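S.K.: my questions concern the predicted model and sequence given below.
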Amino acid sequence: MAHLDPDRILSPHPYAEKILSKLQNSGYRAVVVGGAVRDALREKFEPDYYFDAEAADIDIATSAATEEVRETLPNFDFVEVGESFGVLILVAPDGKQYEVAQFRTESDYDGRRPGRVERTDSLAEDVKRRDFTVNGLALSYSGEVIDLVGGIADLKTKLIRAIGDPERRFREDYLRPLRAVRVSCDLGGRIEKETEAAIRKVAGEITSISWERIREEFFKVLATSNAEAGVRDCKRLGLLEGILPELIENEGVPQPEEYHPEGDVLEHSLQALGVSDKLGLQPLDKLAVLLHDVGKAEALRRNDGDHMGGHALIGKQKAEEIASRLRLSNDETKKLVWLIENHMRGSVLPEMRRAKQVKLVRHKQDTAASLDRISSRFGYFTSLLGTIIADSEASSHGVDGWLPVLEEFVGLLPHLLHLEELGTARELINGNDLKELGMEEGPRLGKVLGNLHEKIYSGEVENRVSALEEARSMVEDKT
C-alpha cells in the first residue's frame, strides 16, 4: 500500500483541505482523484521529477450527492457547469476553483458524453468509468493511495493502459485515444498493446467530436517535452490523418538529400518538432514548426515535380484552413500564419536591406515592453527565430542555417534602440508634411512617403530636419 504526505498536495490549496475535511466529518467519503495524485506519486518513483503542487488541479470525488455537497459547504460559491452529471465547481474565498464530483456510474454514451448518469456509494464503481489506470488513483484524507485498477504498477513502468475493455472506453468518448497519446507524452511512457489496438479501431472517429476539444487535447500534446513522440504516435495509430491530413500529404515527398539527409518532408517536419521540444517552445510555436513545410507537397505538384518554389505561400493558405478547423483565436491564427509565411524569408535576414530587416523584426512588436526584454518586445520575430532554428537543425544546414540570422538580429538591436529614440517614422514625416511641401494627394504621395520611411528605417534619415530636406528633394524631383 502506497502513502503520500497529504500536506505535500494540499498545503498550497487550504480550501481543498477544508472541503475534504468537511465532507469527511459529515459522514461522507471524500478523496482526491486524477492527475494530482498521479503526479505526486510519480515524484516518489522518479528522482528527477518535480511535482508542482501549487499549479496542480485538485479534483475531489465524494459519496455525497450534489445537494448534500451544497448543504455541507454553504460558505462556498458554486458554478453549475455539470450538476446534471453530478459535478459541481466550488469557488473558494481565495478565488480558486475545485471540482467536486459525486461517485457515479455512466452509460448510454454517444461517443462524446454519457446519456445516463447514476449516483453510487462505491469508489470502486466510480473508478471503473475512468479512462486509464494511471488516472484511476485516489488519495484519502489520511494520505493513503487507493489503487483499485493497478495504476501504481503501470505508473512505475510508465504504461498507459485503459481501465476495463479499452475499445469500450474509447467508444464512450472518442477523444480518449488522443488523451492516451497526451498522457504517454506527459509521462514519457508508452501505450499498452491492447489499448493501442483499440485506438486503431476507433481512430477514424476522432473527427466526430468537437474541434474545440480536439484542439485543446492536441495542444496539451504540444505542450509536453515529448511532442515529437506524440505526433508520431498519432500518425502510427491513425489519429493524425483526421486531425492534420495536410501533414500526411507530405509523407513520401522527396527532398534533395544534400540538404535533407533526414528523409522526406514529413520526416523533416517531425524532426524539427523534436528540436522545438528541446528548445522548450510554446505550443502554438511548435504547431508552426510542425506545419512550416506543409505546403511542399502541393508546391511540387504545381511545379510539375521540378521544385517546391512557393511552398511558404501555399503553406500560409493551408495554415489558415487548419487554424479555422482547430478553432484557433484570431490572434493565434495571425501568428501561426505569419510564422509559416515568413519562415523562408526570415532565414535570409542577413541578406536583406536594413529597412526590410526592421520591418520584419518589428512586426507586431509590443511597444509597451522594454527592448531589454527581447522575447516580449519582439514576440513574433523571436518565435520566427525558433522556427528557423528548428528547421535548420532538422536538416544538413544545422547551426550554419540559424546562427547568422541570430547574429544579424543581435547586431540590429542598437539600431532598433536608436529608432525608438527617434520616434516612429510617421512622427518624423507624414502625408500632411508632403502636402505642405506642395505634393498633391494621390499614388505618388504614397510612394514618396513609403520611400522616406524606408530611409528612416535604414538609418539614412535620422531626424525631422533631414527628413524634411529629403522630402523636399523628392517633391521637387518630378521623375
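M.R.: Received it, and whenever you're ready, just let me know what you need. Numbers count the residues shown, from 1 in each chain.
S.K.: please parse the chain into its domains.
M.R.: Structural domains annotated on the chain: 1-152, 158-243, 257-404, 423-476, as defined by automatic domain parsing.
S.K.: how about JSON lines for those domains, with mean pLDDT and mean neighbour count added?
M.R.: Using the backbone N, CA and C atoms, a C-beta is placed for each residue, glycine as well. Converted to JSON lines, the domains of the chain look like this (pLDDT from 0 to 100; neighbours: other CB atoms under 10 Å):
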{"stretch": "domain 1-152", "mean pLDDT": "89", "mean neighbour count": "18"}
{"stretch": "domain 158-243", "mean pLDDT": "97", "mean neighbour count": "20"}
{"stretch": "domain 257-404", "mean pLDDT": "95", "mean neighbour count": "18"}
{"stretch": "domain 423-476", "mean pLDDT": "70", "mean neighbour count": "15"}
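S.K.: make TSV out of the ones you listed and add distance to Glu249.
M.R.: Listed next are the domains of the chain as TSV, based on distance: least, CB to CB, whole Å:
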stretch	distance to Glu249
domain 1-152	27
domain 158-243	10
domain 257-404	4
domain 423-476	39
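S.K.: Leu416: which of those is closest?
M.R.: Relative to Leu416, the nearest member of these by CB to CB is domain 257-404, separated by 6.6 Å.
S.K.: run the chain-centre distance for the closest one.
M.R.: 15 Å (CA atoms, centre = their mean, to the nearest Å).
S.K.: when you give positions from now on, start the count at 26
M.R.: Done: numbering now begins at 26, and the last item shifts to domain 282-429.
S.K.: what about it, start to end distance?
M.R.: Start-to-end span of domain 282-429 (CA to CA, to the nearest Å) is 23 Å.
S.K.: what's the closest of the domains of the chain to Leu442?
M.R.: Of these, nearest to Leu442 by CB to CB is domain 282-429, at 5.5 Å.
S.K.: for Leu438, find the nearest of the domains of the chain.
M.R.: Among the domains of the chain, domain 282-429 sits nearest to Leu438 (CB to CB), with 6.9 Å.
S.K.: can you get me the start-to-end distance on stretch 184-192?
M.R.: For stretch 184-192, the end-to-end distance is 17 Å (CA to CA).
S.K.: go on, stretch 374-382?
M.R.: Note: stretch 374-382 ends 6 Å apart using CA to CA.
S.K.: so who does the closest residue in space to Leu148 that isn't next to it in sequence touch?
M.R.: Excluding the flanking residues, the one nearest Leu148 by CB to CB, 6 or more residues apart in numbering is Phe128, at 5.9 Å. Residues near Phe128 by CB atoms under 8 Å, 6 or more residues apart in numbering: Arg54, Ala86, Thr87, Ser88, Arg144, Thr145, Asp146, Ser147, Leu148, Glu150, Asp151.
S.K.: just the ones of those in strands?
M.R.: Ala86, Thr87, Arg144 (DSSP state E).
S.K.: return the residues in contact with the second one.
M.R.: So the one you mean is Thr87. Leu48, Tyr53, Arg54, Ala55, Val56, Val94, Val125, Ala126, Gln127, Phe128.
S.K.: now do the strands in this structure.
M.R.: 55-58, 84-87, 102-107, 112-116, 122-127, 129-134, 139-144, 162-164, 170-172, 184-185, 215-216.
S.K.: now these in a markdown table, with distance to Arg155?
M.R.: Converted to a markdown table, the strands of the chain look like this (distance: least, CB to CB, whole Å):
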| stretch | distance to Arg155 |
| --- | --- |
| strand 55-58 | 8 |
| strand 84-87 | 10 |
| strand 102-107 | 15 |
| strand 112-116 | 14 |
| strand 122-127 | 11 |
| strand 129-134 | 10 |
| strand 139-144 | 12 |
| strand 162-164 | 10 |
| strand 170-172 | 12 |
| strand 184-185 | 13 |
| strand 215-216 | 16 |
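S.K.: state the distance from the closest residue to Leu304 other than its chain neighbours to Gln307.
M.R.: Nearest non-adjacent residue to Leu304, counting by CB to CB, 6+ apart: Gly411, 5.8 Å away. Computed with CB to CB, to the nearest Å, the distance linking Gly411 and Gln307 is 9 Å.
S.K.: with Leu98 instead?
M.R.: With CB to CB as the criterion, Leu98 and Gln307 are 37 Å apart.
S.K.: go on, Ala61?
M.R.: Distance from Ala61 to Gln307, by CB to CB: 24 Å.
S.K.: wait, what's in contact with Pro191?
M.R.: With contact set as CB under 8 Å, 6+ apart, Pro191 has these partners: Glu219, Thr220, Ala222, Ala223, Ile224.
S.K.: out of the residues you listed, which comes closest to Ala41?
M.R.: The nearest one, if we look at the contacts of Pro191 relative to Ala41 and count by CB to CB, is Thr220, at 31.1 Å.
S.K.: which residues does the closest one contact?
M.R.: Ile185, Arg186, Ala187, Pro191, Ala205 are the contacts of Thr220 under CB under 8 Å, 6+ apart.
S.K.: and which of the residues you listed is nearest Arg215?
M.R.: Nearest member of the contacts of Thr220 to Arg215, counting by CB to CB, is Ile185, at 7.0 Å.
S.K.: surely the closest one is in contact with Gly214?
M.R.: Yes - with contact defined as CB atoms under 8 Å, Ile185 reaches Gly214; the gap is 6.0 Å.
S.K.: list residues touching both of these two?
M.R.: The contact lists of Ile185 and Gly214 share Val208, where a contact means CB under 8 Å, 6+ apart.
S.K.: right, and the domains of the chain - which one's nearest Val435?
M.R.: Checking those against Val435 by CB to CB gives domain 282-429 as the closest, at 9.0 Å.
S.K.: quick one: the helices in the stretch 326-475 of the chain?
M.R.: Assigned by DSSP state H, counting those that start in this stretch, the stretch 326-475 of the chain shows helices spanning 336-350, 355-371, 379-386, 399-402, 404-418, 424-447, 450-453, 456-461, 468-483.
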